[in-house]
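Engineer: The sequence and its predicted three-dimensional model are supplied below.
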Amino acid sequence: MRIGILSDTHGLLRPQAIEVLRGCEHILHAGDVGDAAILEPLRGIAPVTAIRGNVDQAGACAALPATEAVLLAGHWFYLLHNLDDLDLHPQAAGMAAVIYGHTHRPEISRRNGVLFLNPGSAGPRRFSLPVSVAIVNATATGLDAEIVPLLLGESSSSNY
């Protein structure tokens, strides 16, 4: 199963993000949506699970859950916006992955067998940080994650 992951769109859904996410079977948005209208084009690609971030304080975005657990291809994914707010022990809770955003800094790591993934910001560029999304390929044997830069001139994608 191909899973698209993005965060920190802040109301901006770039055409490059749409192109990278085409072909995904599910999309996860880790908060700071900024404008609920951007979820519709994503839903045109695949089912979407979205949570709210710290900027999602009004309107439809404020109604999004703060956290969410979703089962995809036999793996549990836990979404929250700010990793500092992690309110469970992922390994003990049976999570295969923790998906988060907030820092706008893409990151892929593994801790105690759990994938921790921040796709970076898919929206407005913040400082000199890259603009990116992530793709996770989920199989019966595990999760393969990749950060995909969206803007020309960015470094090539990185795998973990």
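Structural biologist: Done, it's in.
Engineer: low pLDDT regions in this structure?
Structural biologist: 152-160 (pLDDT under 70).
Engineer: Helices of that one, residue ranges please.
Structural biologist: When secondary structure is read from DSSP state H, the chain shows helices at 15-21, 39-43, 59-62.
Engineer: who wins for proximity to Asn82 among these?
Structural biologist: For Asn82, the closest of these is helix 59-62, at 15.5 Å, according to Cβ to Cβ. To be clear about C-beta, it is placed using only N, CA and C from the backbone, and glycine gets the same treatment.
Engineer: rewinding a little: packed most tightly, which of the helices of the chain would that be?
Structural biologist: helix 15-21 (a mean of 17; mean count of other Cβ atoms under 10 Å).
Engineer: Tell me the gap between that one and the middle of its chain.
Structural biologist: The gap between where helix 15-21 is centred and where its chain is centred comes out at 13 Å by Cα atoms, centre = their mean, to the nearest Å.
Engineer: Who are the packing partners of it?
Structural biologist: Under the contact criterion of 3 or more Cβ pairs under 8 Å, 6 or more residues apart in numbering; DSSP states H and E, helix 15-21 touches strand 2-6, strand 132-139.
Engineer: Between those strands, which one is closest to Gly101.
Structural biologist: Among the helices and strands packed on helix 15-21, the nearest to Gly101 by Cβ to Cβ is strand 2-6 (8.3 Å).
Engineer: how about that closest one: buried residues?
Structural biologist: By 16 or more other Cβ atoms under 10 Å, the buried positions in strand 2-6 come out as 3-6.
Engineer: same check, this time on stretch 126-145
Structural biologist: Of the residues in stretch 126-145, those scored as buried under the neighbour-count criterion (16+ other Cβ under 10 Å) are 130-136, 138, 143, 145.
Engineer: Name the nearest of the residues you listed relative to Leu39.
Structural biologist: Proximity of the buried residues of stretch 126-145 to Leu39 was ranked by Cβ to Cβ; the top entry is Val133 with 14.6 Å.
Engineer: Can you name the residues that contact that closest one?
Structural biologist: Under the criterion of Cβ atoms under 8 Å, 6 or more residues apart in numbering, the contact list for Val133 reads 4-6, 17, 20-21, 119-120, 122, 147-148, 150.
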